[in-house]
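Chemist: Sequence and computational prediction follow.
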Amino acid sequence: MNLQSTTPAAISPPVRKLCREVAGNAEPRFIPVRGDIDDAGLAAVPGWAIWQCGDALIEAEFHVARRTADGELVDIASRPGGEETILFVEDPRRSAGAPEVDRERRALRRDPLVEDFITLGRKQFLMLHAEQPADPSLMRRLAVAQLIVKNMLERGLGGDDACLCNSGKRYKNCHGKAVRSLRV
């Protein structure tokens with residue numbers, strides 16, 4: 001399974017539920033990516049870009065789209081995956097210049113590794129945006145754990161499989177145990 005974030009293929013019930021949670025009753029819609037246009041004179045529209053990571057999770061990333069003079073909503077950010085459209089839901093409660101907020105992530109299946117992946121993402125955001133600088137060794141351990149979980153998910157492994165750190169232990173008794181201690 002690939003954990004690359006992509007635009008969902010459809011507005012499924014879990015996607016619709018996530019959109020309601022982050023933006024109220026606003027309706028999500030697919031908008032074109034137009035990295036070739038200048039944003040001068042375009043109105044900023046705060047909201048959330050909705051991404052899907054395989055069959056593992058969906059996430060809402062705070063994002064600012066643009067409204068053209070003729071009312072078309074577009075995304076002017078270049079997408080590394082070559083996305084031609086994104087799923088976007090407007091959020092009038094937010095400001096385009098709002099401080100950075102963490103992504104909202106939801107598991108699409110019951111899987112401890114997916115929950116660990118979500119926990120590690122949340123912890124990384126909190127550490128990067130804390131008032132006090134994060135302990136560099138803790139940040140390195142967090143990055144290693146994220147890589148291990150991502151690789152295990154992509155290989156279709158589970159908590160009972162050997163941890164990819166080569167400790168000889170099962171994931172759930174190795175890095176899985178460490179990640180569970182981070183859950184808030």
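Modeler: Yep, it's here. Numbering: from 1, shown residues only.

Chemist: List of residues touching stretch 90-100?
Modeler: Contacting residues not belonging to stretch 90-100 are listed as 22-24, 26, 44-48, 62, 64-65, 73, 129 [CB atoms under 8 Å, 6 or more residues apart in numbering]. Yep, even glycine has a C-beta here, placed from its N, CA and C like the rest.

Chemist: so who does the residue nearest to V15 when sequence neighbours are not counted touch?
Modeler: Closest residue in space to V15, ignoring its immediate chain neighbours: P8 at 5.4 Å, by CB to CB, 6 or more residues apart in numbering. By CB under 8 Å, 6+ apart, P8 lies in contact with 15, 50-52, 58, 87.

Chemist: Could you tell me which of those are located in helices?
Modeler: Judged by DSSP state H, helices contain the following of the contacts of P8: V15.

Chemist: For the contacts of P8, give me TSV that also has distance to L153 and pLDDT.
Modeler: As requested, those are arranged in TSV below (distance: CB to CB, whole Å; pLDDT from 0 to 100):
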residue	distance to L153	pLDDT
V15	20	97
I50	20	97
W51	15	96
Q52	14	95
I58	14	97
L87	22	97
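
Chemist: Next step: the contacts of P8 restricted to strands.
Modeler: Within these, residues falling in strands by DSSP state E are 50-52, 58, 87.

Chemist: in the chain, which helix has the most residues?
Modeler: Ranking each helix of the chain by length (DSSP H) puts helix 136-154 first.

Chemist: which helices and strands does that helix pack with?
Modeler: helix 112-128, helix 175-180 (3 or more CB pairs under 8 Å, 6 or more residues apart in numbering; DSSP states H and E).
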